[in-house]
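1. got a sequence here, can you model it:
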Amino acid sequence: MISSTFSYADGKLNKILVTGHANYKKHGEDIVCAAVSASLIVTANAIEHLGLNRSIDLTVRDGYFQLILKEEEKTILGLLKNLEYTLTDLQKQYPNYMKNQKEG
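-> Numbering: from 1, shown residues only. Just a heads-up that it's a prediction; the model follows:
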């Protein structure tokens, strides 16, 4: 199962942690894992492409994605809210393979 945690401070999203594997299908055929991975990579790449890397701490490895917002930046907040929306939508479609929660 993929677990996503969206952490808030002062009403603003400041950390996203995504761990695990969906195990929807075997490796290479898992559309849930592929959708989540693509969403995470698109978000991280957009932040990099916009030259906003200095505002985040990002850790990525197999089955693990953590993004921490170091300083408030409007564009990054928009990208993170979009990621939250996307992962929430995926959870609605595949509730047996994903669990999202909010903190703060």
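
2. for the closest residue to residue 64 other than its chain neighbours, helix, strand, or coil?
-> Nearest non-adjacent residue to residue 64, counting by CB to CB, 6 or more residues apart in numbering: residue 19, 5.4 Å away. (C-beta placed from N, C-alpha, C; glycine too.) Here residue 19 is recorded as strand under DSSP: H, G, I helix; E, B strand; the rest coil.

3. list the contacts of residue 13.
-> Residue 13 sits next to 6-7, 69, 77, 80-81, 84 when contact means CB atoms under 8 Å, 6 or more residues apart in numbering.

4. list the contacts for residue 54?
-> Residue 54 sits next to 70-71 when contact means CB under 8 Å, 6+ apart.

5. so which of the contacts of residue 13 belong to helices?
-> 77, 80-81, 84 (DSSP state H).

6. quick check on those: which are buried?
-> Burial by neighbour count, 16 or more other CB atoms under 10 Å: within those this picks out 80, 84.

7. for the ones in helices among the contacts of residue 13, which one is nearest residue 96?
-> Distance to residue 96, by CB to CB, is smallest for residue 84 among the ones in helices among the contacts of residue 13, at 20.2 Å.

8. quick check: nearest residue in space to that closest one, chain neighbours excluded?
-> Counting by CB to CB, 6+ apart, residue 84 lies nearest to residue 6, which is 5.2 Å off, once chain neighbours are set aside.

9. which residues does the one you found form beta bridges with?
-> Going by DSSP bridges, residue 6 is paired in beta bridges with residue 16, residue 102.
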